[in-house]
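# Here is my input, please return the structure:
(one chain, ligands or ions: 1)
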Amino acid sequence: MKLEVKDITKSFGDKQVLHGISFEVQSGRALGLLGRNGAGKTTTIRILMDVFRANSGEVLLDGEKFNQRKHLIGYLPEERGLYPKKKVIEQMVYLGRIRGISKSEAVANSKKWLKRLGVLEYENAKLETLSKGNQQKVQLASTLVCDPDIVILDEPFSGLDPVNSRILQDVVMELIGQNKIVIFSSHQMSYVEEFCKDIVIINKGDVVLSGDLDNIKREFGKNQLVVSAVDKTLDDLENIINEHMSDILEITGRTKEELIIKNVADVSRKQILSKFISENIEIERFETYKPSLNDIFVSKVGDADEKEAAE
Ligand SMILES: Nc1ncnc2c1ncn2[C@@H]1O[C@H](COP(=O)(O)OP(=O)(O)OP(=O)(O)O)[C@@H](O)[C@H]1O
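Numbering: from 1, shown residues only. Okay, here's the model as predicted:
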């Protein structure tokens with residue numbers, strides 16, 4: 001299956017918040033939907049879910065107009081929507097029923113997912129009596145109660161400790177392995193890197209980057225190296241490069257322990273190394289720059305002044 005979002009625009013009053021968003025999600029390849037606060041992720045998801053109507057553009061499933069009522073969709077919204085005073089199993093069965101599965105199937109699925117997420121013992125408890133993390137797991141179990149083909153998870157890891165995060169990671173991997181369409185929105189880049197083959201980064205209502213994450217990383221790291229010296233601070237190394245090597249190298253950033261440099265003259269690595277040696281620099285690290293998703297995200301959507309403030 002392929003879900004396509006095509007040129008979606010959306011305004012609230014005279015404020016346009018989506019300026020023509022396009023991306024696609026393939027089943028079995030989770031998509032990470034990323035962006036800073038207020039970028040337009042939730043609005044995009046709500047349009048996908050038919051909670052909001054777009055001003056223009058369309059959503060297609062396998063080339064046909066996507067009819068949300070004809071498909072089983074599991075949506076874990078950012079603002080969790082269960083009733084605090086109701087018993088866990090009662091509301092899960094209710095949710096399963098309104099999504100079209102039989103009562104017996106809803107009971108069996110509820111128990112299956114509560115067990116899988118380690119919260120079956122609370123099936124008859126009122127939701128509000130559970131800890132925050134356990135409530136979160138019940139929310140996720142409720143999202144999956146109808147065994148959906150399309151799963152949309154908005155910040156699913158918030159409030160979970162590392163052990164519970166691991167359980168949830170296994171569940172997400174399982175859903176992807178079952179060839180479901182999975183859209184995963186999170187500010188926690190390490191999880192996105194773990195699950196998502198594709199990403200889309202939205203900034204102020206526009207897509208600023210999308211595609212296969214491995215390719216994006218390769219492209220982003222192209223012609224870039226990380227370097228450090230045994231006997232020089234990063235500031236010293238930066239000065240030497242700027243003063244004596246700027247014809248071939250440009251400094252593009254730094255990590256905690258290395259400078260990130262770009263080979264701007266397309267010279268060989270051997271030539272770069274010789275240049276360092278001729279400048280009397282004893283190299284400690286000299287290797288291909290492998291950007292993290294976090295590096296890519298900050299470079300795409302971090303404002304220059306904020307980046308400076310963070311340094
Ligand atoms: N119902 C609404 N009425 C008016 N403005 C809205 C409405 N919903 C969202 N917006 C505005 O649309 C913009 C995008 O919001 P949205 O919730 O989609 O961002 P987001 O990327 O999900 O952010 P976050 O990461 O903080 O959840 C924001 O400026 C927000 O104030």
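# Which other helices and strands does the longest helix anywhere in the chain contact?
Ranked by residue count, the top helix of the chain under DSSP state H comes out as helix 162-177. Contact here means 3 or more CB pairs under 8 Å, 6 or more residues apart in numbering; DSSP states H and E; on that basis helix 162-177 packs against helix 132-144, strand 181-185, helix 189-195. Yep, even glycine has a C-beta here, placed from its N, CA and C like the rest.
# Hmm, V182 is touching L175, no?
Yes. Look at V182 against L175 with CB atoms under 8 Å: they come within range, at 5.6 Å.
# which neighbours do these two share?
V151 (CB atoms under 8 Å, 6 or more residues apart in numbering).
# which one of the two has more residues nearby?
V182 (27 against 23; other CB atoms under 10 Å).
# burial of A106, as a residue count?
So A106, with other CB under 10 Å, has 22 neighbours.
# Now do the phi/psi pair for it.
Backbone torsions of A106, given as degrees, to the nearest 10, read phi -60, psi -40.
# Chain neighbours aside, what residue packs nearest to it?
G96 (3.0 Å; CB to CB, 6 or more residues apart in numbering).
# Can you verify that neighbour is assigned to a helix?
Yes. Assessed by DSSP: H, G, I helix; E, B strand; the rest coil, G96 belongs to a helix.
# OK, contacts around it?
If a contact means CB under 8 Å, 6+ apart, then G96 has 105-106, 109-110, 145-146 as its contacts.
# How much space separates the residue of the chain positioned farthest from its centre from the ligand?
Within the chain, S278 marks the point farthest from the mean C-alpha position, 43.9 Å out by CA atoms, centre = their mean. Going from S278 to the ligand by CB to the nearest ligand atom, to the nearest Å gives 49 Å.
# right, so the helices and strands packed on helix 162-177: which one is the most enclosed?
Counting by mean count of other CB atoms under 10 Å, strand 181-185 has the highest mean neighbour count of the helices and strands packed on helix 162-177, with a mean of 25.
# ok, that one: who's next to it in the sheet?
Within its sheet, strand 181-185 is paired with strand 30-35 (parallel), strand 150-154 (parallel), according to DSSP bridges.
# burial measure for L3, as a count.
So L3, with other CB under 10 Å, has 21 neighbours.
# what's the neighbour count on the residue lying closest to it once chain neighbours are set aside?
Excluding the flanking residues, the one nearest L3 by CB to CB, 6+ apart is V25, at 4.6 Å. Neighbourhood size, V25 [other CB under 10 Å]: 25.
# And the strand or helix carrying V25, what's buried?
Using DSSP states H and E, V25 sits within strand 15-26. Using 16 or more other CB atoms under 10 Å as the test for burial, strand 15-26 gives 17-19, 21, 23, 25-26.
# Domain map for this structure?
According to automatic domain parsing, the chain comprises the domains 2-212, 222-310.
# Can you tell me which of the ones you listed is most buried?
Using mean count of other CB under 10 Å, domain 2-212 ranks as the most buried of the domains of the chain, with a mean of 18.
# Now the stretch 201-311 of the chain against the ligand: closest residue?
With CB to the nearest ligand atom, the shortest gap between the stretch 201-311 of the chain and the ligand falls at I202, namely 6.7 Å.
# partners of that residue in the sheet?
Applying DSSP bridges, one finds that I202 bridges with G35, V207.
# who touches it in this structure?
So I202 contacts 21, 33-35, 39-41, 44, 208 (CB under 8 Å, 6+ apart).
# residues touching the closest residue to N203 other than its chain neighbours, list them.
Nearest residue to N203 in three dimensions, chain neighbours excluded: V301, at 4.5 Å (CB to CB, 6+ apart). Contacts for V301 (CB under 8 Å, 6+ apart) come out as 35-36, 39, 201, 203, 208.
# can you check L209 too?
199-201, 216, 296, 300.
# Contact residues of this structure facing the ligand?
Within reach of the ligand by CB under 6 Å from any ligand atom, the chain has these residues: 12, 17, 35, 37-43, 78.
# Isn't G100 up against D147?
No. Checked against CB under 8 Å, the pair G100 and D147 is beyond contact range at 11.0 Å.
# overlap in contacts of the two?
What both G100 and D147 touch, as defined by CB under 8 Å, 6+ apart, is the set L72.
# Many thanks, I have nothing further to ask.
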